[in-house]
Each structure stands twice: as structure tokens, then as C-alpha cells.
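Colleague: Build me a model from this:
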Amino acid sequence: MSLPTAKPGQFLTFKLLKEFYGVAIENIREINRVGEITPVPKTPHYIKGVMNLRGKIIPVVNLRERFGLPSEEYTRDTCIIVIDTPAGFVGLIVDSVKEVVTLDEKVIEPAPNISQSDSGQFITGMGKLEDKVLILVDIVAAFSQDQILGLNQVANAA
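Modeller: From the prediction side, this is the model:
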């Protein structure tokens, strides 16, 4: 089974630990500071709770924990990227948001075939920037359909 390859276009870049990630700009709704997050009992460890986004309750996920990385205290750079999924908006906590970059096909490499595990399914390619590599992810694919429906249920239960 071949994985989808990132298409050329604009990517919002963000940082988790020391790595830079890029997500297609069309999936992004907005970027917010980390505000009040209300914990919801009996949810997976990476779901931090829900937040009120202009009157709409949306689930909030710590993307570090979803990607299997160690969590850390939030800093003034920590942001919530709000993405649009088939089941509604989801907030993603990231260490920092960097910039929007435009990548053409010359600088996009296919994702390395490291693993077909859960974590490898949403990496769609590698973007080559002057001094760094950008891990390109299909952020919606980072969550299974069941997880997205579960996130939606968490928001609706709050």
C-alpha cells in the first residue's frame, strides 16, 4: 500500500520539540493562544479537554502526546491550531507556530518508508528548506475516523 504524497502548495509550519512540521494550509481554520481548557474524564491521554471557541465547544488534543512525544509545560509560544475535520473543528496544541511556506514539487520528497505503524500513516512527505527538513503531515489523517468521531462526542458531551 503506498502512502499519499504531499502535494505542492502552502504549508503552515509548527514546531514540536526540535522538529519542524508542515500542514496544508487548507486544513487550518485559525491559530489561538492556549486559554482555558476544561478536562473531560475518561478520554485518551492526549485529549486535554475542550475549549469554548466563540460559543462552540471543540476538543483539544496535545499533538506531542498524540505523536508519542514527551509532553512539556506550556510556554508563551505554545499555540492551539484549530483544524477542520469531517466531524468538526479540533484544537491541536503545538510548541510554536512558525510561518507559512510555499513548497513546489522540487522540494518535496516522498515520506520515508520507515514504518507502516499508526504514526507513519499520516506523514505525507519531507519538505526541503534551506537549513532544515520539514515533516509534512496530513493532520486529519493523524486521527482515525473513530478517533475523530470520539473527539466530536467529547465536545458534544461537555
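Colleague: where does this structure have low pLDDT?
Modeller: For the chain, the stretches flagged by pLDDT under 70 are 1-4, 114-120, 144-149, 152, 158.
Colleague: Going by residue numbers, what spans are helices in it?
Modeller: 63-66, 145-157 (DSSP state H).
Colleague: elements contacting the first one?
Modeller: By that I understand helix 63-66. strand 88-94 (3 or more CB pairs under 8 Å, 6 or more residues apart in numbering; DSSP states H and E). Yep, even glycine has a C-beta here, placed from its N, CA and C like the rest.
Colleague: Run a quick neighbour tally on G68.
Modeller: 10 (other CB atoms under 10 Å).
Colleague: And it, its phi and psi?
Modeller: phi 80, psi 20 (degrees, to the nearest 10).
Colleague: shift numbering so it begins at 13
Modeller: Taking 13 as the first residue, the last one we looked at is G80.
Colleague: ok, now how distant is it from E142?
Modeller: Counting by CB to CB, to the nearest Å, the separation of G80 from E142 is 29 Å.
Colleague: Measure how buried P98 is and give me the count.
Modeller: By other CB under 10 Å, 9 other residues sit near P98.
Colleague: make that K144, sorry
Modeller: Applying other CB under 10 Å, we find 11 residues neighbouring K144.
Colleague: E42 too?
Modeller: E42 has 13 nearby residues by other CB under 10 Å.
Colleague: Can you spell out which residues form a bridge with it?
Modeller: V94 (DSSP bridges).
Colleague: Next up, phi/psi of the spatially most central residue of the chain, please.
Modeller: Nearest to the mean C-alpha position of the chain, by CA atoms, centre = their mean, lies I151 at 4.7 Å. With angles defined as degrees, to the nearest 10, I151 sits at phi -60, psi -30.
Colleague: ok, now which ones touch it?
Modeller: Going by CB atoms under 8 Å, 6 or more residues apart in numbering, I151 touches V35, A36, N39, I95, L104, F134.
Colleague: got it, and F32?
Modeller: T25, F26, K110, L141, K144, V145, L146, I147.
Colleague: cool, and T114?
Modeller: So T114 contacts G21, Q22, F23 (CB under 8 Å, 6+ apart).
Colleague: same check, this time on G137
Modeller: Each residue near G137 by CB under 8 Å, 6+ apart is listed here: T17, A18, I120, E121, P122, A123, L148.
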